[in-house]
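1. heads up, no residue letters with this:
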C-alpha cells in the first residue's frame, strides 16, 4: 500500500488544481445557478475533456490515459474543492468503471473512446426509492426491453448513456431510446439530476450480476469520497482563514479557545478521513481483495467529515454564512447530495459491520 | 538494496528462531507481563530475563540507535524487517522502557558524548529504569510554571521541590527531570537534569487511582545534590528538550489506540449475541462499526505519516494530533467494551467475575488517564490549533 502519488498522478493533480481554480472557481457554479442552467455547462465540459480528465481510468487502447483510480481521485478531489459542476464523476468514474467491469468487448469498443473524449456523458442509474438500496431493484427485463423507474440519477438530465442496475444484472440504455422518459430535477446543489421512467425500452444486457453491481458502486463510492475530501478540505481551509481575519472583542476570533478546539477537531477528522480515501483509491489500483471494506470505510468517513465541515463552515462564519452571497451555503448543499449518493454514512456503517462479520 | 534486505530478513528470522524462547511468543496477558528492567526488577520467568539479555546484546531493544551507544544500528528499512519478523512469531516486546521511548531520542540529540556513553547502553540493555519528573502540583497543563528549584552550588547542583504523576518512580533507578534554574523568566528559566533516585533526599509515594492500581507517584526532592555533569544541554535551555521529549511521549501514548488487544467485536458477539448474522443490539452495532472505522482510519493515518516522514516531510508537529485521536479512540474502545460486556464488566474483585472481565473494568478506568497524561486533550488541541493551523491568541 502507498499514500504517495506517482509523478504522473502528481502532475495531473497540479494541472487539475490550476485549471479548476482558474476556469471553474465556485463563482462559475454560482453563475450557472443564477442563469438557471441546472448544471449544464457544455463549454466547461469540453475543456475538462480536452485536458484528458474524462479518460483518466480508460485504457490507452480506448483513447484514455490508463492511469488508474489514484490519479482520477486526485482530479476529483481538486474538482470537489471548487464545487465544479460537471459530469466528471458520473461519466469518468462511475460510467467508465461500469463499462470497464461489465461491458462486453463490443460495448467497450463502442463507448469507452467516446467517454474518454467527453463526447458521450455516461452515468449509472441506481436508486428506485428515497434511499440507497441497490439490492432491492424492481426493474423488469423481458425480450430485450426494460421497464421500471430510477430516481435521482446523477447527471441524468444531461447524460447520453445510462448504465442501469437491476437487482442482479446491468443494462445499457441510450439516452434517446424510445420509451425512456426523463423528468429533470432541479436539485439543492444546483447540479441537476433526473428521474427516469422505462416503458419497454430497448436495452442491452451487460456482463455480471449483483457482485458486479456492487463492484461498480464501490468504484463510484470511492471516487465520490475523493471529491468529498476536496469539498471538506476547501470548506475547512476557507473557515480557518476566516477565523484568522474576522475580529470581535478587539481580536481575531481564531484566538478564542472554543473555536480553536473545534477547528483542531475538524482538522483531525479530515486527516483521518483523507487516509481512508487515499487507501481506498490505492486498493482499487492494487486490485485488493478488500475493496468493499475500503469503499464503505471511505464513503462513510467522507460523508461524516463533509457533513461536519460544511456545518462548521456555516456556523463559524456566523451571519454571513447564512447569506446566499457567501459560498458556505453552496458547500453545505453539495455536501448533503454527495453524502446521500450511493449510500450515506449509516448505510455504509451497516455494510461495514456486515463485512466484518457482526 | 532489496537483496540486502532479503538477506537481512533471512538472518533475522534464523536468529529469532534460535533465540526467542517459546514462552516469549505467547500473548501478553496484561500489564503484569511487561518487562521494565532496572536494577531491582524481579523477572516473573527466567525466559523474560534471557529474552531481554539476548535482545539487549544485539541492541534490538533500540534497533535504530547507533551501535556506538549500544543500539542496533539498523536503518529504517532494516528495522521494518525486524519488526515484521518479530510480529511474525508473535514475539513479546523484550523491554518496556521510558528510556527507549522518551529519554534516549533526546539524549541522542542534545546530550554530550560522555552522557550518551554513560546512559544509552544501559537503557538499551534494560539495566537502568527511568522515570519522568515533569508535572508538579502547581504545574500540570501549564507545565512551564514548574517550581522545583535547582541551585548552582559550585561543585554540584542542589535540588528542592516536588514532582507528581511520576510514572513508576517507586521502581525507577534514575529520573529525567525539569527544574527551575532562573525564577525571573518562565520558559527560559528551565533546565533538564538527570537524577539518580538513590541519592539522599529523594522520596517517592505511590498514588492510588480509580482503577485500583498505582502506576504514578509523588516524588519529593529535599536538598538533593547531583553532579554538575548531570545537566543535559545548556543551563536554562531545558524547555526545548522538554518539548521534544513530549513529542516522543505523545506519539508513544497515542500508540495505546492501536496494536493487538481484545477485540470489542468479540466481546459483543459473546455477550450480546448475533441475530441473522448481525449483533442483536442494532444501536450498539452501529456505534461499534463507527468505532472500528475510526480505528482503521487512525491506523492508516499512522501509516501515512510514517510514509511522509520517510519521504522527508516534517510530521513531528503531528504528535499532538495523534495524541488526541489515539486517546479518544482508546477511551471509546474501553467504553464500548464495558457496554458490550454488560454486567460482566461491572465487577471489582472476587471469584464471581472472570479475570478477563475484571480486566475490562480496570482497563476502562485506567483509560480515563489517556486524555490527561502526557498533556491533556485540551492542551494538545491548543497545540494543533496554534502550531499546525496557525490560529493565535492575539493578532
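-> Yes, it's here. Since this is a predicted model, take the numbers as computed values, not measurements. Numbers count the residues shown, from 1 in each chain, chains lettered A, B, ... in the order given.
2. which parts of the chain are helices?
-> In the absence of a named chain, chain A is used. A:7-23, A:26-34, A:42-50, A:69-81, A:96-102, A:105-117, A:210-245, A:257-285, A:291-317, A:328-340, A:345-355 (DSSP state H).
3. not quite, go with chain B.
-> Going by DSSP H, chain B shows helices at B:2-19, B:46-58, B:76-88, B:98, B:104-110, B:113-124, B:238-254, B:264-271, B:282-310, B:319-341, B:355-367, B:377-383.
4. could those helices be laid out in TSV, adding mean pLDDT, distance to residue A:328 and mean neighbour count?
-> Where you see a C-beta, it was placed from the backbone N, CA and C, and this is true even at glycine. Output for the helices of chain B, formatted as TSV (pLDDT from 0 to 100; distance: least, CB to CB, whole Å; neighbours: other CB atoms under 10 Å in any protein chain shown):
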stretch	mean pLDDT	distance to residue A:328	mean neighbour count
helix B:2-19	94	51	13
helix B:46-58	96	56	19
helix B:76-88	91	43	16
helix B:98	94	47	23
helix B:104-110	96	44	20
helix B:113-124	97	53	19
helix B:238-254	84	33	21
helix B:264-271	95	37	18
helix B:282-310	95	26	19
helix B:319-341	95	25	23
helix B:355-367	92	37	19
helix B:377-383	95	23	20
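5. can I get those in JSON lines with distance to chain A?
-> Formatted as JSON lines, those follow (distance: least, CB to the nearest CB, whole Å):
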{"stretch": "helix B:2-19", "distance to chain A": "16"}
{"stretch": "helix B:46-58", "distance to chain A": "29"}
{"stretch": "helix B:76-88", "distance to chain A": "13"}
{"stretch": "helix B:98", "distance to chain A": "26"}
{"stretch": "helix B:104-110", "distance to chain A": "24"}
{"stretch": "helix B:113-124", "distance to chain A": "32"}
{"stretch": "helix B:238-254", "distance to chain A": "11"}
{"stretch": "helix B:264-271", "distance to chain A": "5"}
{"stretch": "helix B:282-310", "distance to chain A": "4"}
{"stretch": "helix B:319-341", "distance to chain A": "5"}
{"stretch": "helix B:355-367", "distance to chain A": "18"}
{"stretch": "helix B:377-383", "distance to chain A": "4"}
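6. residue 144: how many residues sit nearby?
-> If you meant another chain, say so; for now it's chain A. A count of neighbours around residue A:144, defined by other CB atoms under 10 Å in any protein chain shown, yields 12.
7. my bad, the chain I had in mind was chain B
-> 16.
8. got the contact list for it?
-> B:186, B:187, B:190, B:239 (CB atoms under 8 Å, 6 or more residues apart in numbering or on different chains).
9. could you list every residue that touches the second one?
-> So the one you mean is residue B:187. If you count contacts by CB under 8 Å, 6+ apart, then residue B:187 has B:144, B:239 around it.
10. same deal with the first one?
-> Residues counted as contacts of residue B:186 (CB under 8 Å, 6+ apart) are B:144, B:145.
11. state the phi and psi torsions of it.
-> phi -90, psi -90 (degrees, to the nearest 10).
12. so for stretch A:200-218, first residue to last residue, what's the gap.
-> 29 Å (CA to CA, to the nearest Å).
13. buried sites along that stretch?
-> A:201-206, A:208, A:210, A:212-218 (16 or more other CB atoms under 10 Å in any protein chain shown).
14. with stretch B:268-281 instead?
-> Buried-residue list, stretch B:268-281, by 16+ other CB under 10 Å: B:268, B:271, B:272, B:279, B:281.
15. which of these lies closest to residue A:62?
-> residue B:279 (45.3 Å; CB to CB).
16. quick check: closest non-adjacent residue to that closest one.
-> residue B:285 (3.9 Å; CB to CB, 6 or more residues apart in numbering or on different chains).
17. residue contacts, that neighbour?
-> By CB under 8 Å, 6+ apart, the contact list for residue B:285 reads A:353, A:358, B:268, B:278, B:279.
18. reformat the contacts of residue B:144 as JSON lines; add distance to residue B:221.
-> Shown next, in JSON lines, are the contacts of residue B:144 (distance: CB to CB, whole Å):
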{"residue": "B:186", "distance to residue B:221": "21"}
{"residue": "B:187", "distance to residue B:221": "21"}
{"residue": "B:190", "distance to residue B:221": "15"}
{"residue": "B:239", "distance to residue B:221": "19"}
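19. where does chain A dip in pLDDT?
-> For chain A, applying pLDDT under 70 flags no range at all.
20. near chain B, which residues of it?
-> With CB under 8 Å from any CB of the partner chain as the criterion, chain A comes near chain B at residues A:1-4, A:240, A:243-244, A:251-252, A:254-255, A:257, A:259-261, A:263-265, A:267-268, A:271-276, A:278-279, A:297, A:300-301, A:346, A:349-350, A:352-354, A:356-358.
21. redo that, cut-off 6 Å
-> Chain A has residues A:3, A:240, A:243, A:252, A:254-255, A:260-261, A:263-264, A:268, A:271-272, A:275-276, A:279, A:297, A:301, A:349, A:352-353, A:358 near chain B, with proximity defined as CB under 6 Å from any CB of the partner chain.
22. pull out the buried residues from the residues you listed.
-> A:3, A:240, A:243, A:252, A:254-255, A:260-261, A:263-264, A:268, A:271-272, A:275-276, A:279, A:297, A:301, A:349, A:352-353, A:358.
23. list the contacts for residue A:210?
-> Residue A:210 makes contact with residue A:168 under the criterion CB atoms under 6 Å, 6 or more residues apart in numbering or on different chains.
24. ok, the closest residue to residue A:234 other than its chain neighbours to residue A:170 distance?
-> Using CB to CB, 6+ apart and skipping the chain neighbours, the partner closest in space to residue A:234 is residue A:81 (4.1 Å). Here residue A:81 is placed at a distance of 32 Å from residue A:170 (CB to CB, to the nearest Å).
25. thinking residue A:124 is in contact with residue A:163, fair?
-> Yes: judged on CB atoms under 6 Å, residue A:124 makes contact with residue A:163 at a distance of 4.9 Å.
26. need the overlap of contacts for those two.
-> residue A:98.
27. farthest residue from the center of chain B?
-> The C-alpha centroid of chain B is most remote from residue B:276, which lies 42.0 Å away (CA atoms, centre = their mean).
28. phi, psi for that residue please.
-> phi 50, psi 40.
29. run through who's touching stretch A:134-147.
-> A:126, A:128, A:148, A:166, A:167, A:171, A:198, A:200, A:201, A:203, A:213.
30. cutoff 7 Å now
-> A:126, A:128, A:148, A:164-167, A:169, A:171, A:173, A:198-203, A:210, A:213, A:217 (CB atoms under 7 Å, 6 or more residues apart in numbering or on different chains).
31. and residue B:197, what is it in contact with?
-> B:172, B:173, B:174, B:175.
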